[in-house]
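Trainee: The sequence and its predicted three-dimensional model are supplied below.
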Amino acid sequence: MPSLGFWLLLFECVKRYADQYRIKAAMLAAEARDETHAAIRTDLFRMSQWYLRLADQAVKNSHLDVYYETPPSTGKPSASPA
């Protein structure tokens, strides 16, 4: 099982990614406010919302604990590819 230090480092990395997504969302929203073309403005606002969702998802995924354990060996040799 990973140590506490590992989890703290992982959390800090995820937090940094989430913060970067939020900054990008704010930049896109500011760009959208200055845009005069309606279709481009709409697309920029939509993209800013997607980045906010990415930030939320990054934080949510950081709370998942997924472990993979190799199945025990059965003692039979595995078939080699031809």
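Mentor: That came through, no problem. Numbers count the residues shown, from 1 in each chain.
Trainee: so where does Lys24 fall, helix or strand?
Mentor: Using DSSP states H and E, Lys24 maps to helix 4-34.
Trainee: Now the next helix or strand after that helix: buried residues?
Mentor: Counting by DSSP H and E, the next helix or strand C-terminal to helix 4-34 is helix 38-61. Neighbour counts over helix 38-61 (16 or more other CB atoms under 10 Å) mark Leu44, Phe45, Met47, Ser48, Tyr51, Leu52, Leu54, Ala55, Ala58 as buried. (Each C-beta comes from the backbone N, C-alpha and C, glycine too.)
Trainee: The last one and Ala18 touch, don't they?
Mentor: Yes - with contact defined as CB atoms under 8 Å, Ala58 counts as touching Ala18 (4.5 Å).
Trainee: Now do the nearest residue to Leu54 once chain neighbours are set aside: how many residues are near it, please.
Mentor: Using CB to CB, 6 or more residues apart in numbering and skipping residues adjacent in sequence, the residue nearest Leu54 is Tyr21, 4.5 Å away. Here the number of neighbours of Tyr21 (other CB atoms under 10 Å) works out to 20.
Trainee: Now do the contacts for Tyr21.
Mentor: Tyr51, Leu52, Leu54, Ala55, Ala58 (CB atoms under 8 Å, 6 or more residues apart in numbering).
Trainee: show me what contacts Asp56?
Mentor: By CB under 8 Å, 6+ apart, the contact list for Asp56 reads Ala18.
Trainee: same deal with Ala55?
Mentor: Contacts of Ala55 (CB under 8 Å, 6+ apart): Tyr17, Ala18, Asp19, Tyr21, Arg22, Ala25.
Trainee: change it to 7 Å
Mentor: If a contact means CB atoms under 7 Å, 6 or more residues apart in numbering, then Ala55 has Ala18, Tyr21, Arg22 as its contacts.
Trainee: Can you tell me which of the residues you listed has the lowest confidence score?
Mentor: Lowest pLDDT among the contacts of Ala55: Ala18, with 86.
Trainee: For it, the count of nearby residues, please.
Mentor: Neighbour count of Ala18, defined by other CB under 10 Å: 20.
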